[in-house]
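I would like to see how this sequence folds:
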Amino acid sequence: MESLSKQGWKRAYIDGGKIIQSFMRERLIADMTVTIIPILIGEGQRMFGSLDADIDLKILESKSCPSGLVTSRYEAT
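The predicted structure follows:
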């Protein structure tokens, strides 16, 4: 992010489990969009892996689709 900042970037789209986890650990995520698919899975890994501390999120908006998908956008506080 330091390199991008020097190039004038203020925001970047971050995707991929391990990359998101590393950015979250460094508190580099300002806001995030999470989409929930209405399927309950019996087992699995944590969505964001292990974090050193809780990260409070403030809901900015939430939309539901006829298919049951729910997309919510949060601000990391």
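
SS state for the residue nearest in space to the middle of the chain?
Taking CA atoms, centre = their mean as the criterion, Met32 is the residue nearest the geometric centre of the chain, at 4.1 Å. Under DSSP: H, G, I helix; E, B strand; the rest coil, the three-state class of Met32 is strand.

For Glu26, give me its contacts.
The contact partners of Glu26, taken as CB atoms under 8 Å, 6 or more residues apart in numbering, number zero. Placement of C-beta: from N, CA and C, glycine included.

ranges for the strands of this structure?
31-36, 57-64, 70-76 (DSSP state E).

who's the closest residue to the residue nearest to the centre of the chain other than its chain neighbours bridged to?
Distance criterion CB to CB, 6 or more residues apart in numbering; nearest residue to Met32, sequence neighbours excluded, is Tyr74 at 5.5 Å. Using DSSP bridges, the bridge partners assigned to Tyr74 are Met32, Ile59.

coming back round to it: tell me how far the residue nearest to the centre of the chain lies from Gly8.
23 Å (CB to CB, to the nearest Å).

and the angle from the longest helix seen in the chain to strand 70-76?
The longest helix of the chain (DSSP state H) is helix 17-25. Angle, helix 17-25 to strand 70-76, by axes from the mean of the first three to the mean of the last three CA atoms, to 10 degrees: 40 degrees.

Count the neighbours of Ile29 for me.
When neighbours are counted by other CB atoms under 10 Å, Ile29 registers 17.

That should have said Arg27, apologies.
Arg27: 11 neighbours (other CB under 10 Å).

please renumber so the chain begins at 263
Sure, I'll start numbering at 263, so the last one becomes Arg289.

All set now, cheers.
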